[in-house]
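**Student:** after the sequence you'll find the predicted model.
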Amino acid sequence: DVQTGLRDTGLQGQRDTDAHSADIAAVVKWVRGQTTTPVWLVGNSTGTISAAYLAAALPVDGAVLTSSFTEPSKLNRATVLDAPLDRIKAPVLILHDRDDECPNTPIEGTERIKSRLRSSPKVEIKFLQGGDAPQSGPCDALAGHGFFGLERAAVGAIADWIKAQGRR
């Protein structure tokens, strides 16, 4: 925050906690009470830490991990690989932009995640490439990390994949 000099840390240090899981469990329960539509968790970058931990703990229909956070940073020591991935019993899509240059989300991390999703009935890695030239830092939204210039393709790939899984 420019005025106070304080930085909003969001869910930093909270993504793997029981409190975070309880909050999202309440949301999942509420959504299930409102509709019969499948409930999927989608996380991007550090949000993939939440999605992975929560998919392992909650009764969801699937998870999507985009720009998966597999290497720790100064602000975020936890990664997707710290989550109990072997407990995820739902389908998982791992989506990555080949032009993502963020050091915390290397392309090699996609295979590392997939190899640990032993209980998932279906795991697929999809890659996109060819977006717009970066207009931000490599770990920000206006670069490959945020599928810059490929937003429609990314959303389409996710939606198509979820639809192809049908109901569980």
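**Tutor:** Ah, there it is. The shown structure was predicted, so the numbers you read here are calculated from the model rather than taken from an experiment. Numbers count the residues shown, from 1 in each chain.
**Student:** helices of the chain, start to end?
**Tutor:** Secondary structure of the chain (DSSP state H): helices at 18-34, 47-57, 108-116, 151-165.
**Student:** of all those helices, which one is nearest Pro72?
**Tutor:** Minimum separation from Pro72 across the helices of the chain (CB to CB) falls at helix 47-57, 10.3 Å. Yep, even glycine has a C-beta here, placed from its N, CA and C like the rest.
**Student:** which residues sit against the closest one?
**Tutor:** Residues from elsewhere that reach helix 47-57, judged by CB atoms under 8 Å, 6 or more residues apart in numbering: 11, 15-16, 20-21, 24-25, 41-43, 60, 62-69, 76, 78-80, 82-85, 87-88, 90, 92, 113.
**Student:** quick check: PyMOL command selecting the buried ones in these.
**Tutor:** In PyMOL, a selection of the buried entries from these looks like this (16 or more other CB atoms under 10 Å):
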select buried, resi 15+16+20+21+24+25+41+42+43+60+62+63+64+65+66+67+68+69+76+78+79+80+82+83+85+88+90+92+113
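**Student:** next step: the contacts of helix 47-57 restricted to strands.
**Tutor:** 41-43, 62-66, 92 (DSSP state E).
**Student:** and the furthest pair within those?
**Tutor:** Greatest spatial distance in those: Gly62 and Thr66, 13.4 Å, computed using CB to CB.
**Student:** follow-up on the earlier one: which one of the helices of the chain is the most hemmed in?
**Tutor:** helix 47-57 (a mean of 25; mean count of other CB atoms under 10 Å).
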